[in-house]
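Colleague: Model the structure of this input:
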Amino acid sequence: MKPDPLSKIPLFEHLSSRERSKIAGEVVETHYRKDEFIFREGDQATSFHILKAGTVKCVKTSSEGKQVTLKVLMPGDLFCCDAAVLDNGTHPGCAQPMGDVSVLSLSKDAYYALLRRNPEAALQVIQYLGARLNEAQETTKVLALNPAEQRLAALLVKLADRAGLREGNHVRLTVRLTRQDLADMVGMTVETATRIMGRFKRDKLVSGTAKSLVICNLAKLQQLATPPCSTARRAHAV
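Modeller: Sure, this is the predicted structure:
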């Protein structure tokens, strides 16, 4: 039996196989190469985009004209444009492949028609969007309150979970990032990111380069990424 590619996509996995088969005819698959634009900042958002294969970075241009990497997307991710599509707005940033990628697109009208036919699916979408909102709020809190070292350690732990390949006791990241990408994603200067990564290397937590990074001690990075709030609360109680 032919595999159902939509069954592995969070936006469609809750649908019945019959419904997925019905909507498959509405889904357009497009292939892009590195440094092409899937969409640009300011383009009208009329479709949902889901990454089927490869990695994509969401990039925003600052008022000074500098490009800043906001997020790296993995297979199954809905692009950083869901709110814009629902609000008839424009894309808040650009989407650029980090290599060869495959993208599934579904028009807003087609997805709305699907939700009208499937109230249960609409509830699942609300939960999905709620999780995205919580993630955005948590990211904002981390950037505002956590020390630089903790923020970078948390990012590496997240990347190891989502884009890591286990090799014995180590985890090799399958996504290729520059020091600038890492710095942008945690809200620090590239000089600070380079200094912290150098410290992580000396402590044998990581090895390699940003473009070919290996996590050597994931447990220690997880400790650094975890805020010591519970310890502080216990000490305060005593």
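Colleague: Could you use CA atoms for every contact and neighbour count after this?
Modeller: Noted.
Colleague: what sits against the residue nearest to the spatial centre of the chain?
Modeller: The residue lying closest to the centre of the chain (CA atoms, centre = their mean) is residue 73, at 3.7 Å. Shown here is residue 73, whose contacts under the criterion CA atoms under 8 Å, 6 or more residues apart in numbering are 51, 55-58, 79.
Colleague: My understanding was that residue 153 contacts residue 222; is that so?
Modeller: Yes: using CA atoms under 8 Å, residue 153 makes contact with residue 222 at a distance of 7.1 Å.
Colleague: and the strand or helix carrying residue 198, how far out from the chain's middle?
Modeller: When elements are assigned from DSSP states H and E, residue 198 belongs to helix 190-202. The chain centroid and the centroid of helix 190-202 are separated by 23 Å under CA atoms, centre = their mean, to the nearest Å.
Colleague: Name the residues of that helix that are buried.
Modeller: Residues of helix 190-202 classed as buried under the neighbour-count rule (16 or more other CA atoms under 10 Å) are 190, 193-194, 196-197, 200-201.
Colleague: for the helix or strand following that helix, packing partners?
Modeller: Using DSSP H and E, the helix or strand that follows helix 190-202 towards the C-terminus is strand 206-209. Using 3 or more CA pairs under 8 Å, 6 or more residues apart in numbering; DSSP states H and E as the contact definition, the elements that strand 206-209 packs against are helix 190-202, strand 212-215.
Colleague: which stretch among these comes nearest residue 165?
Modeller: Distance to residue 165, taken as CA to CA, is lowest for strand 212-215 among the helices and strands packed on strand 206-209, at 9.2 Å.
Colleague: Would you mark the buried spots in the following helix or strand past that closest one?
Modeller: Per DSSP H and E, strand 212-215 leads on to helix 218-225 as the next helix or strand towards the C-terminus. Taking 16+ other CA under 10 Å as the neighbour-count basis, helix 218-225 is seen to contain the buried residues 218, 221-222, 224-225.
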